[in-house]
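Novice: Okay, sequence plus prediction incoming.
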Amino acid sequence: MKQIVMAATVCAAVALGSIGCKSQPKAEPLPPPPTTMEVSVLRAQYTKAFPAAKLGTVAVVLDDQPYMTVEDIDTTDMRSGDLLTVIDASETVIAYGTVEKVISPTSVAAKFDAGARRPLVGDVAVKF
């Protein structure tokens, strides 16, 4: 009798385990940041469509804090508090940022709020 109870317990555990152990769907791979050529094309397109727009590339993203550095962006009229939109190679908005400090004529430090994902080095930041 003990063996029957033990076998029933093992069968029940296996059955319950197989119900709760469904494999999770695989996450879609993240689109890669734009290439240098794609950034040049985006810069030309955005400048034509939005003459006041300024584009740069994400150069540094801190691992443990929501801060990034954007380089190759004209900071002539930029100020602390200006808003940035971060996009990937397919122009999908992935995050929003706020300029914290203008570092140089071509770079800013910004705090971001991750949307679809955290910004990656090479993503494009746009100030409209």
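Specialist: Yep, that arrived. Numbers count the residues shown, from 1 in each chain.

Novice: Please work out how many residues are found near residue 85.
Specialist: Close neighbours of residue 85, defined as other Cβ atoms under 10 Å, add up to 17. In short, each C-beta sits where N, CA and C put it, glycine included.

Novice: buried stuff in stretch 65-83?
Specialist: By neighbour count, with 16 or more other Cβ atoms under 10 Å as the criterion, the buried positions of stretch 65-83 are 68, 69, 70, 73, 75, 78, 82.

Novice: same deal with stretch 116-128?
Specialist: So for stretch 116-128, counting by 16+ other Cβ under 10 Å, buried means 118, 119, 120, 122, 123, 124, 125, 126, 127.

Novice: Sketch out the low-pLDDT regions of this structure for me.
Specialist: 1-25, 27 (pLDDT under 70).

Novice: would you list every one of the helices in it?
Specialist: Taking DSSP state H as the test, the helices found in the chain are 2-20, 36-49.

Novice: Tell me the helices and strands packed up against the shortest one.
Specialist: Read that as helix 36-49. Counting contacts by 3 or more Cβ pairs under 8 Å, 6 or more residues apart in numbering; DSSP states H and E, helix 36-49 is packed against strand 54-61, strand 124-127.

Novice: Show me what the last one pairs with in its sheet, parallel or antiparallel.
Specialist: Paired strands of strand 124-127, with direction, are strand 54-61 (antiparallel), strand 83-87 (antiparallel) (DSSP bridges).

Novice: tell me the angle the first one makes with helix 36-49.
Specialist: So that's strand 54-61. Here strand 54-61 runs at 140 degrees with respect to helix 36-49, directions being taken by axes from the mean of the first three to the mean of the last three Cα atoms, to 10 degrees.
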